[in-house]
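1. Need coordinates for the below:
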Amino acid sequence: TDGVTTAATLRNTHFSYMVGELDTDYGRAARCKDFFNQVSALRDDEGSYPVEFSFILNKGHGGLPDRDLLTRQLTLSRNAHPTHLTWQLSDGATPEFGWLSTSHPAKGMYVDASISGQQINVSTKNTESLTLWLDEKIIALDQDVIVNDNNQQRVVSPRVCLEDLCQSMLLSGDANQSYA
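-> From the prediction side, this is the model:
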């Protein structure tokens, strides 16, 4: 939906959708095509944005072969700990995303964060606060981490904390998305 869904956040999400050529109510066919063009413009050589779009000729809103995609979709799995996240908020309802969180979620907030070895690169726009939830699944916690935050470099010593682990589990509700 225009203004509600952002393509940027789908960097690591296996996602497929389809629309019929004759499904023109509410501009649906055109909006689906536009959204796929946005996704396509974001793709890079890392295999990011595994989004598939099918434009079905001579079909309207119903009778689409979407259940045919189920077999393929079931073979895919979620990477619970991606090393590159892009998070663009279209409202203030989501305070966490993967290993990122903010105490002030707001429309227009944008974060692009990537981990390579013991280095984390973070680029933000319209972001008041940002917490990086690190864990041994994505970084060596017994070594210092170099954080490049909007081109400002600093060295951080990670700390393991049971309270942080519990808080991250409360935030996500998913044991696979917990960080110490």
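
2. Now the longest helix seen in the chain: buried residues?
-> Criterion DSSP state H: the longest helix present in the chain is helix 28-42. Judged by neighbour count (16 or more other C-beta atoms under 10 Å), helix 28-42 contains these buried residues: 29, 32, 35-36, 38-39. To be clear about C-beta, it is placed using only N, CA and C from the backbone, and glycine gets the same treatment.

3. can you give me the offset of the next helix or strand after it from its chain's centre?
-> Later in the chain than helix 28-42, the nearest helix or strand by DSSP states H and E is strand 51-56. Using C-alpha atoms, centre = their mean, to the nearest Å, the distance from the centre of strand 51-56 to the centre of the chain it belongs to is 20 Å.

4. Tell me the first helix or strand C-terminal of strand 51-56.
-> helix 70-74.

5. Which strands and helices lie in contact with that following helix?
-> The helices and strands touching helix 70-74, judged by 3 or more C-beta pairs under 8 Å, 6 or more residues apart in numbering; DSSP states H and E, number zero.

6. try it again with 10 Å
-> Contacts defined by 3 or more C-beta pairs under 10 Å, 6 or more residues apart in numbering; DSSP states H and E place helix 70-74 against strand 15-20.

7. circling back: which one of the buried residues of helix 28-42 is nearest to Thr6?
-> When the buried residues of helix 28-42 are compared for distance to Thr6 (C-beta to C-beta), Gln38 wins out at 8.4 Å.

8. Wait, the closest one touches Thr9, no?
-> No. Using C-beta atoms under 10 Å, Gln38 is not in contact with Thr9; the gap is 11.4 Å.

9. Kind regards, and thank you for your time.
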